[in-house]
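Q: The following block contains a protein sequence and its predicted model.
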Amino acid sequence: MKDQHEIQGKIAKLKDVDPSQLPYSSFMRLIYKNLPYMGFPVQEIHVTGVFWTLVGLWTAMGLMGASFVTDTLAIVFPAWMSYKCEKNKTPPTQWLAYWIIYSSFYLVESSHGVTAAFPFYHSVKLTILLWCMFPGKGNGATLIYSLGIKPALQILDGFMEAEGKKGGTSPGHSHDGDKHSKADKEYKTELKKSSSKESLKNGNGKNGHGK
């Protein structure tokens, strides 16, 4: 019974998701509206199913341009949603997390031979990134960031703050700045000495003139 209630709760959450916010739903709707008559009834869900099936086969088989297709789908919709957040003045929390995750994939791919070593790499990558694009709570971007990336950044932040306090200066100050400040102090000291010598000379000169 408990498992059944959990499944029903998850289904209810999926029903609450606005279909227009699903990844590339507007694009699917545009294709559906401009489809010629096929001789049999076609619904929008059929267009969506055919599109993602073709994409899945293309990336899984590693056909020419599979990497380009994956990266294009991984960039266009998130870039559009980031723009919409800025336009509507809404917090772009999900999309900030998404771009960090996408950059992590790019970092992994910078090592030659990594993608070739893993079969169906592009399909797995696109599946994870589509999960990260999913609207509402429980999307991949929020979970991966909060469970993996954020704790690592917090550890790094704590380490940097500790090092800054240990050095007696904030991390923004450099050794060059310390050298410059030391040189300024020495210059001011020398300037005071020279001015005091000049005043003594002037005083002696006046005394001699008086005699």
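A: In hand now; what should we look at?

Q: can you pull out the helices in this structure?
A: Counting by DSSP state H, the chain has helices at residues 2-16, 25-33, 44-61, 66-88, 93-109, 114-117, 121-133, 140-144, 150-166, 175-210.

Q: What angle do helix 150-166 and the fifth one make with each other?
A: For helix 93-109 and helix 150-166, the angle between their directions (axes from the mean of the first three to the mean of the last three C-alpha atoms, to 10 degrees) works out to 90 degrees.

Q: likewise the third one?
A: Using the same axes, to 10 degrees, the interaxial angle of helix 44-61 with respect to helix 150-166 works out to 60 degrees.

Q: other SSEs contacting helix 44-61?
A: Packing contacts for helix 44-61, counted by 3 or more C-beta pairs under 8 Å, 6 or more residues apart in numbering; DSSP states H and E, involve helix 25-33, helix 66-88, helix 121-133. C-beta here means a position set from N, CA and C on the backbone, and glycine is covered the same way.

Q: which other helices and strands contact the longest one?
A: Contacting helix 66-88 under the criterion 3+ C-beta pairs under 8 Å, 6+ apart are the following elements: helix 44-61, helix 93-109, helix 121-133.

Q: out of these, nearest to residue 79?
A: With C-beta to C-beta as the criterion, residue 79 lies closest to helix 93-109 of the helices and strands packed on helix 66-88, at 8.8 Å.

Q: So which bits of that closest one are buried?
A: Residues of helix 93-109 classed as buried: 94, 95, 97, 98, 99, 101, 102, 105 (neighbour count, 16 or more other C-beta atoms under 10 Å).

Q: Now it: average pLDDT?
A: For helix 93-109, the mean per-residue pLDDT is 91.

Q: got the contact list for it?
A: The contact list for helix 93-109, computed with C-beta atoms under 8 Å, 6 or more residues apart in numbering, reads 74-75, 78, 81-82, 85, 114-115, 125, 128-129, 132-133, 139-142, 144-145, 149.

Q: Buried only: go through these for me.
A: The neighbour-count test (16+ other C-beta under 10 Å) marks 74, 78, 81-82, 85, 115, 125, 128-129, 132-133, 139-142, 144-145 as buried among the contacts of helix 93-109.

Q: how near is the residue nearest to residue 69 when sequence neighbours are not counted to residue 121?
A: Nearest residue to residue 69, sequence neighbours excluded (C-beta to C-beta, 6 or more residues apart in numbering): residue 58, at 6.0 Å. Residue 58 sits 13 Å away from residue 121, going by C-beta to C-beta, to the nearest Å.
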